[in-house]
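[1] pasted the sequence and its predicted model underneath.
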Amino acid sequence: MKDLLEKILIVDDVSKNIQILGNILSQKQFQIAYAQNGQQALDICKIQTFDLILLDIMMPGMDGYEVCKRLKKNSSTSEIPIIFLTAKADMDSIIKGFEVGGQDYITKPFNAAELLARVNNHLLIKRQRERLKLMNNNLEDLVKERTSELEKANHQLSVLDQAKSNFLSLISHEIRTPLNGVIGLTELLDQTNIDDDQKEYLTYLKDVSSRLVKFSDTALLITTLKINKYLPEILPVSVNQLIIDSIDIFKDNNGKSTLQITNNMPDKTLLIKVDSDLMRTCFLAIIDNSAKFAGDNAKLEVSAITEADSITLTFCDNGQGFSKSALNNLFELFSSGDILHSEGTGLGLAAAKLILDAHEGSINIKNIETGGAQVMIKIKT
């Protein structure tokens with residue numbers, strides 16, 4: 001049962017019709033109001049709200065069509081359903097009633113069952129429309145609330161991301177200054193007469209210094225890429241030559257590494273449009289990742305598949321593969337994603353991902369069922 005009685009306005013210049021309609025509607029629990037001309041109906045609607053209006057068409061002065069037009073133009077009454085009362089059953093009158101905004105019509109003399117059925121149907125439609133509107137409003141409020149929460153969360157992530165970038169930049173600069181002094185001293189010591197034990201210590205010191213330089217350079221590169229301050233110099237370059245250069249750099253920097261690298265590039269003349277320095281850094285990061293703790297029989301094969309507008313490079317190694325947790329965080333800064341496929345600085349693959357993002361490329365990594373890991377990168381040609 002409804003909490004409030006629904007209100008119906010009857011507009012007719014004939015008192016007998018109002019009486020008949022009132023008697024029929026009295027069978028149900030409605031609040032009934034009356035008006036005997038169009039202007040009176042408009043005045044009543046200014047001070048009261050109605051759920052339905054039964055409106056006679058043929059009235060002196062202002063007819064039902066004009067009343068309906070004015071009610072529909074007013075925002076406070078535009079959604080009230082209107083049923084026309086008419087002695088005319090001709091199609092032109094019916095169509096005109098719908099054109100001015102009426103929802104239905106009932107012909108005179110009135111059939112009680114038909115009248116009640118139509119009244120109840122339109123009141124039901126109005127209730128459902130109001131419920132839907134309320135639901136939509138609630139949904140809009142919920143969307144606004146969630147949007148606000150997301151904006152706050154995104155702002156917090158942006159702040160944290162900026163803080164991470166600032167931290168990397170700070171670390172890079174703070175390490176590099178004293179590190180330059182350490183490197184200079186090691187070079188001077190290397191030119192002096194020292195015994196074998198001291199040479200071993202010096203070799204270790206050089207290795208540590210080299211790793212710190214690499215960390216500093218990678219951290220600074222990540223920072224510039226993340227804050228979009230790196231301006232790539234995109235030029236056509238041989239992808240095969242980039243692979244060769246990356247392998248040579250790796251060998252120069254890792255003289256004791258036993259990693260066996262096989263270059264299976266099918267087309268030695270294929271060109272890609274990239275920043276050559278960045279892409280060499282990307283390839284080198286992948287090679288370094290495969291070499292870390294890979295064992296005495298470490299192998300890495302580089303191959304490629306060309307398509308109409310892109311090339312997919314595949315790096316397959318025979319190492320330990322990635323742990324499940326590492327696979328979920330491969331490209332996160334300071335994650336355990338690129339440490340021997342299980343431990344490391346957490347910067348190499350993150351840098352590779354950012355480099356490929358800057359070239360609108362992609363990188364995908366998975367474990368190989370027979371052992372090892374596969375890194376696939378896609379670059380536009």
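    Sure, I can see it. Numbers count the residues shown, from 1 in each chain.

[2] which helix runs longest in this protein?
    In the chain, assigned by DSSP state H, the helix with the most residues is helix 112-190.

[3] helices and strands around it, which ones?
    Helix 112-190 is packed against helix 15-25, strand 52-56, strand 82-86, strand 104-107, helix 196-226, with contacts defined by 3 or more CB pairs under 8 Å, 6 or more residues apart in numbering; DSSP states H and E. Where you see a C-beta, it was placed from the backbone N, CA and C, and this is true even at glycine.

[4] out of these, which is closest to residue 363?
    Of all the helices and strands packed on helix 112-190, the one in closest proximity to residue 363, counting by CB to CB, is helix 196-226 (13.9 Å).

[5] tell me the angle the closest one makes with helix 112-190.
    150 degrees (axes from the mean of the first three to the mean of the last three CA atoms, to 10 degrees).

[6] and the next element down the chain from helix 196-226?
    Toward the C-terminus, helix 196-226 is succeeded by strand 235-238 as the next helix or strand (DSSP states H and E).

[7] which positions within the helix or strand that comes right after that following strand qualify as buried?
    Toward the C-terminal end, the helix or strand that comes next after strand 235-238 (DSSP H and E) is helix 239-253. Of all the residues in helix 239-253, those buried under the rule 16 or more other CB atoms under 10 Å are 239, 240, 242, 243, 244, 245, 246, 247, 249, 250.

[8] can you tell me what sits against helix 239-253?
    With CB atoms under 8 Å, 6 or more residues apart in numbering as the contact definition, helix 239-253 has outside contacts at 210, 257, 259, 261, 263, 265, 267-272, 274, 276, 279-280, 283-284, 287-288, 291, 302, 304, 311, 313, 379.

[9] redo that, cut-off 7 Å
    Outside helix 239-253, the residues that touch it by CB atoms under 7 Å, 6 or more residues apart in numbering are 261, 263, 265, 268, 270, 272, 276, 279-280, 283-284, 287-288, 302, 311.

[10] okay, and which of those residues map to helices?
    Counted as lying in helices by DSSP H, out of the contacts of helix 239-253, are 276, 279, 280, 283, 284, 287, 288.

[11] relative to residue 189, which of these is nearest.
    Ranked by distance to residue 189 (CB to CB), the ones in helices among the contacts of helix 239-253 are led by residue 288 at 27.1 Å.

[12] list the contacts of that closest one.
    Residues near residue 288 by CB under 7 Å, 6+ apart: 250, 348.

[13] look at it and report its pLDDT.
    Per-residue confidence (pLDDT) for residue 288: 86.

[14] go on, residue 48?
    93.

[15] what is the neighbour count of it?
    Look at residue 48: counted by other CB atoms under 10 Å, it has 11 neighbours.

[16] same question, the one 4 residues further on
    Neighbourhood size, residue 52 [other CB under 10 Å]: 24.

[17] any idea how far it lies from residue 122?
    6 Å (CB to CB, to the nearest Å).

[18] common neighbours of these two, please.
    By CB under 7 Å, 6+ apart, residue 52 and residue 122 have these common neighbours: 81, 83.

[19] please enumerate the helices of the stretch 251-381 of the chain.
    276-291, 324-327, 348-358 (DSSP state H, counting those that start in this stretch).

[20] what's the closest of those to residue 59?
    Nearest of these (CB to CB): helix 348-358, 72.4 Å.

[21] can you tell me which residues contact the residue nearest the centre of the chain?
    The chain has residue 150 as the residue nearest its centroid, 10.7 Å off, counting by CA atoms, centre = their mean. Residue 150 makes no contacts at all, as judged by CB under 7 Å, 6+ apart.

[22] how many neighbours does residue 122 have?
    Using other CB under 10 Å, residue 122 is surrounded by 19 other residues.

[23] what does the one 3 residues further on give?
    Residues contacting residue 125 under the criterion other CB under 10 Å number 12.

[24] just the one 3 residues further on next, same as before
    Residue 128 has 10 neighbouring residues, counting by other CB under 10 Å.

[25] pLDDT at it, what is it?
    With respect to pLDDT, residue 128 scores 92.

[26] report the buried residues of stretch 17-25.
    Burial within stretch 17-25, assessed by neighbour count using 16+ other CB under 10 Å, is assigned to 17, 18, 20, 21, 24, 25.

[27] between these, which is closest to residue 95?
    Of the buried residues of stretch 17-25, the one sitting nearest to residue 95 (CB to CB) turns out to be residue 17, at 23.1 Å.

[28] what about residue 373, neighbour count?
    Applying other CB under 10 Å, I find that residue 373 has 23 neighbouring residues.

[29] just residue 187 next, same as before
    Counted with other CB under 10 Å, residue 187 comes out at 11.

[30] okay, it and residue 127: tell me how far apart.
    To residue 127, residue 187 is 87 Å away according to CB to CB.

[31] also residue 302?
    Distance from residue 302 to residue 127, counting by CB to CB: 70 Å.

[32] the two - which one has more neighbours?
    Neighbours were tallied for residue 302 and for residue 127 using other CB under 10 Å; the higher tally belongs to residue 302 (22 against 13).

[33] how about the contacts made by residue 282?
    352, 355, 356.

[34] surely the second one touches residue 278?
    The reference is to residue 355. Yes - if you go by CB atoms under 7 Å, residue 355 and residue 278 touch, sitting 4.8 Å apart.

[35] same drill for the two, tell me which one is more crowded.
    residue 355 (27 against 22).

[36] looking at that one now. What's its pLDDT?
    pLDDT at residue 355 comes out at 88.

[37] kindly report the same for residue 335.
    So, for residue 335, pLDDT stands at 51.

[38] done for today, thanks.
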